[in-house]
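Colleague: Below is the sequence, then the predicted model.
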Number of protein chains: 2
Amino acid sequence: MPRRRGRRPGGADTRAELLAAARVEFAERGYDGATVRVIAERAGVDPAMVNHWFGGKDSLFISALELPVDPTTILAEVVPGDPDHLAERIIARFLELWDGTGGAPLSALLQSVATHDIAARLLREFVERVLVARVVSTVAPDQAALRAGLCGSQILGLAVVRYVLKVEPLASADHATVIAAVAPNLQRYLTGPLP
Amino acid sequence: MPRRRGRRPGGADTRAELLAAARVEFAERGYDGATVRVIAERAGVDPAMVNHWFGGKDSLFISALELPVDPTTILAEVVPGDPDHLAERIIARFLELWDGTGGAPLSALLQSVATHDIAARLLREFVERVLVARVVSTVAPDQAALRAGLCGSQILGLAVVRYVLKVEPLASADHATVIAAVAPNLQRYLTGPLP
């Protein structure tokens, strides 16, 4: 069967064009400033296509981030439960994920963030908006944005040292050891006293 | 005055060749396995040139790392003093440095670590050997290697979030705020109870 050629209205090309337009808009205007209407206009498609392909602005943003995994799905799994043990659940879930994929997707993410300003801006928007709204403010409404940045620093730093640099013994430590070592620090950033 | 051409014995070429050879040797054999003799052999120069240009294996290693600043100089400044406030001194000194240089050298370092396995291996050796020997084991002889990896995760993560991603309000927070937020966590990694 011959492959169809050229642009298919409403098809995979539309999805790719929406993603490309979304990356530019989110990076230029930030998560709050970017609108589905302008993104669709920039991609030259009907705004209804955003709902069709992504289910809304939020999921479009997550897809535009091109993270190896969708962090919002993970976070939705770990947030319910005792807030005083949230950090343990977060670290445990990320370790499972990262152990599965190894360092390659994390290296790719780092490289992209270090090389392309657009990738850095998108990840910043993710920490400033999504992480704050969906995780931190559910357990600590005060200084949620500062807490989110601090949490981001610990999670990202752990990922780099364990999976990209592979510093021992942290790189080979079992999950229980890593959780016992890191979770109290992450928990302080989530719910502890801050300046 | 005409510029001299070609290789100058014992000159700048020798230094560059020693650095190139050192990068390969340290990455292949690790800090402990690499020897001044083999590095000099690989560079095709007399081992005495290592002392002449770098003062020894240790400084040669630091130069081969190509870090924006020499961390051992910084660490030598902050280690003396009350061990219970070491984390505050470390964060304060790094903030001064990073604020001065901005995110560019940190982005370059990240990019290099994410792209070149050799850079990642050298930075791993740095955390595993230099950080352990010169900082962590001076304040906490038990589990010094695990502590060094954890400290590395927090310091590197803070650098990425504040200077590369520029997540607010952490990116614009004054030094006192960042130190009050991060130092207790770093201090736990240095001297607190670990699993």
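Modeller: Okay, I see it.

Colleague: What residues does residue A:65 make contact with?
Modeller: A:122, A:123, A:126 (CB atoms under 8 Å, 6 or more residues apart in numbering or on different chains). Quick note: C-beta positions are derived from backbone N, CA and C, even for glycine.

Colleague: Would you mind confirming that the last one makes contact with residue A:75?
Modeller: No. With contacts defined as CB atoms under 8 Å, residue A:126 does not count as touching residue A:75, sitting 11.0 Å away.

Colleague: Same drill for the two, tell me which one is more crowded.
Modeller: The neighbour comparison of residue A:126 against residue A:75 (other CB atoms under 10 Å in any protein chain shown) goes to residue A:126, with 24 against 17.

Colleague: State the number of residues packed around the residue of chain A found nearest chain B.
Modeller: When scored by CB to the nearest CB, chain A has residue A:157 as its residue closest to chain B, at 2.4 Å. Using other CB under 10 Å, residue A:157 is surrounded by 23 other residues.

Colleague: Could you do residue A:28 as well?
Modeller: Neighbours of residue A:28 under the rule other CB under 10 Å: 12.

Colleague: Got phi/psi on it?
Modeller: phi -80, psi -40 (degrees, to the nearest 10).

Colleague: SS state for the nearest residue to the residue of chain A closest to chain B once chain neighbours are set aside?
Modeller: Spatial nearest neighbour of residue A:157, chain neighbours left out: residue B:157 (2.4 Å); criterion: CB to CB, 6 or more residues apart in numbering or on different chains. Classification of residue B:157 by DSSP: H, G, I helix; E, B strand; the rest coil places it in helix.

Colleague: Tell me which residues touch residue B:157, please.
Modeller: So residue B:157 contacts A:152, A:153, A:154, A:155, A:156, A:157, A:158, A:160 (CB under 8 Å, 6+ apart).

Colleague: got any ranges where chain A has weak pLDDT?
Modeller: For chain A, residues meeting the criterion pLDDT under 70 lie at A:1-10, A:68-69.

Colleague: the helices in it, which residues?
Modeller: Secondary structure of chain A (DSSP state H): helices located at A:12-33, A:36-43, A:48-54, A:57-65, A:71-78, A:86-101, A:104-115, A:117-125, A:137-139, A:144-159, A:175-191.

Colleague: Going by neighbour count, list what's buried in the last one.
Modeller: Of the residues in helix A:175-191, those buried by neighbour count under the rule 16 or more other CB atoms under 10 Å in any protein chain shown are A:178-191.

Colleague: ditto for the fourth one
Modeller: Within helix A:57-65, the residues that count as buried by 16+ other CB under 10 Å are A:57, A:60, A:61, A:62, A:63, A:64, A:65.

Colleague: What of the fifth one?
Modeller: Within helix A:71-78, the residues that qualify as buried are A:71, A:72, A:74, A:75, A:78, counting by 16+ other CB under 10 Å.

Colleague: the domain parsing of chain A - what is it?
Modeller: In terms of domains, chain A is parsed into A:12-65, A:71-191 (source: automatic domain parsing).

Colleague: Can you say which of the helices of chain A is nearest to residue B:51?
Modeller: Across these, residue B:51 has its closest neighbour in helix A:104-115 (35.2 Å, CB to CB).

Colleague: Contacts for the closest one next, please.
Modeller: When contacts are defined by CB under 8 Å, 6+ apart, helix A:104-115 is touched by residues A:66-68, A:98, A:119-120, A:123, A:159-160, A:163-164, B:107-108, B:110-111, B:113-115, B:160, B:164-165.

Colleague: The nearest residue to residue A:44 once chain neighbours are set aside: how many residues sit nearby?
Modeller: Counting by CB to CB, 6+ apart, residue A:44 lies nearest to residue A:17, which is 6.9 Å off, once chain neighbours are set aside. Neighbour count for residue A:17, taken as other CB under 10 Å: 18.

Colleague: so residue A:17 sits right up against residue A:41, yeah?
Modeller: No. Using CB under 8 Å as the test, residue A:17 is too far from residue A:41 to be in contact (11.4 Å).

Colleague: tell me the contacts of the residue nearest the centre of chain A?
Modeller: Residue closest to the mean C-alpha point of chain A, counted by CA atoms, centre = their mean, is residue A:71 at 4.7 Å. Each residue near residue A:71 by CB under 8 Å, 6+ apart is listed here: A:62, A:126, A:130, A:131.

Colleague: any idea how far it lies from residue A:114?
Modeller: 19 Å (CB to CB, to the nearest Å).

Colleague: Residue A:146 now?
Modeller: 24 Å.

Colleague: The residue lying closest to residue A:77 once chain neighbours are set aside: neighbour count?
Modeller: Closest residue in space to residue A:77, ignoring its immediate chain neighbours: residue A:93 at 6.6 Å, by CB to CB, 6+ apart. By the criterion of other CB under 10 Å, residue A:93 has 15 neighbours.

Colleague: so who does residue A:93 touch?
Modeller: A:74, A:77, A:78.

Colleague: Tell me which residues touch the residue nearest to residue A:149 when sequence neighbours are not counted, please.
Modeller: Leaving aside its sequence neighbours, residue A:149 sits nearest to residue B:170 (CB to CB, 6+ apart; 3.6 Å). Residue B:170 makes contact with A:146, A:149, A:150, A:153, B:161, B:162, B:178, according to CB under 8 Å, 6+ apart.

Colleague: Surely the last one touches residue B:161?
Modeller: No. Residue B:178 is beyond contact range of residue B:161, at 10.6 Å (criterion: CB under 8 Å).

Colleague: From the buried residues of helix A:175-191, pick out the ones that also neighbour chain B.
Modeller: Counting by CB under 8 Å from any CB of the partner chain, A:180, A:181, A:182, A:184, A:185, A:188, A:189 from these sit close to chain B.
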